[in-house]
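>>> No letters, just coordinates:
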């Protein structure tokens, strides 16, 4: 696989930390990231949630995010960006500019969509990743922060949130694994609580096993 990927998360744009405005820090980070993406000729940037600090971010915070996307694309036109919503983000608000951002080769996944029959639309959570030659090299399993009801239903009487998250990642992995072609990698990206990493250990191991055997 010849895919150059940079992963980042939890920018929390618009955050005020104990009364201290972090705009200068965020500008410094985003400028550094734009430079790094261009210097490394990165193929894919993954942003794993909490882009903003609150569900209703300020106009300045939103401008900062969109300016970054524009500059990153201008400096590195082949760059592909995949963004998922975190628990601090508004899933619908984050997704709202998607029709425009597609022109900047940017995909945003915030909402868990369902088919007409009520099943989870796994296709909307699997994003193809391409190299500089526009050849598909991998698939990104883009899972935003899951809330109650976002995950696949269970026939068990006493279903738990952790069990639902496990089902989501297992079923999405199986869906993507069946779809990929030989030589294509799977890259799992999610925003979730993982105390002790117990709830995602199985998926984590399978994902690493897949990459190791390619």
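Looks like it arrived, so ask away. What you are looking at is a predicted structure, and each value in this text was computed from that prediction instead of being measured.

>>> List the buried residues in the host helix or strand of residue 6.
Here residue 6 sits within strand 5-8, counting by DSSP states H and E. Neighbour counts using 16 or more other Cβ atoms under 10 Å place residue 5 of strand 5-8 among the buried residues. From N, CA and C alone the C-beta is placed, and that goes for glycine too.

>>> And that strand, what does it pack against?
helix 23-39, strand 44-48 (3 or more Cβ pairs under 8 Å, 6 or more residues apart in numbering; DSSP states H and E).

>>> what's the angle from the first one to strand 44-48?
The one in question is helix 23-39. 150 degrees (axes from the mean of the first three to the mean of the last three Cα atoms, to 10 degrees).

>>> so what secondary structure elements neighbour helix 23-39?
strand 5-8, helix 59-75.

>>> Of these, which stretch is the most buried?
Of all the helices and strands packed on helix 23-39, helix 59-75 carries the top mean neighbour count, a mean of 17, counting by mean count of other Cβ atoms under 10 Å.

>>> Which secondary structure elements does that helix sit against?
Checked by 3+ Cβ pairs under 8 Å, 6+ apart, helix 59-75 has helix 23-39 packed alongside it.

>>> What angle do helix 59-75 and the helix it packs on make with each other?
Going by the same axes, to 10 degrees, helix 23-39 makes 20 degrees with helix 59-75.

>>> name the element residue 188 belongs to?
Going by DSSP H and E, residue 188 is in strand 185-190.

>>> list the contacts for residue 181?
residue 136 (Cβ atoms under 8 Å, 6 or more residues apart in numbering).

>>> how would you label it: helix, strand or coil?
Secondary structure for residue 181, judged by DSSP: H, G, I helix; E, B strand; the rest coil, is coil.

>>> Can you tell me which residue is spatially central in this structure?
residue 84 (3.4 Å; Cα atoms, centre = their mean).

>>> Tell me the bridge partners for that residue.
residue 48, residue 109 (DSSP bridges).

>>> Relative to residue 116, how far out is it?
Shown here: residue 84 relative to residue 116, a distance of 24 Å by Cβ to Cβ, to the nearest Å.

>>> Good, we can wrap up now.
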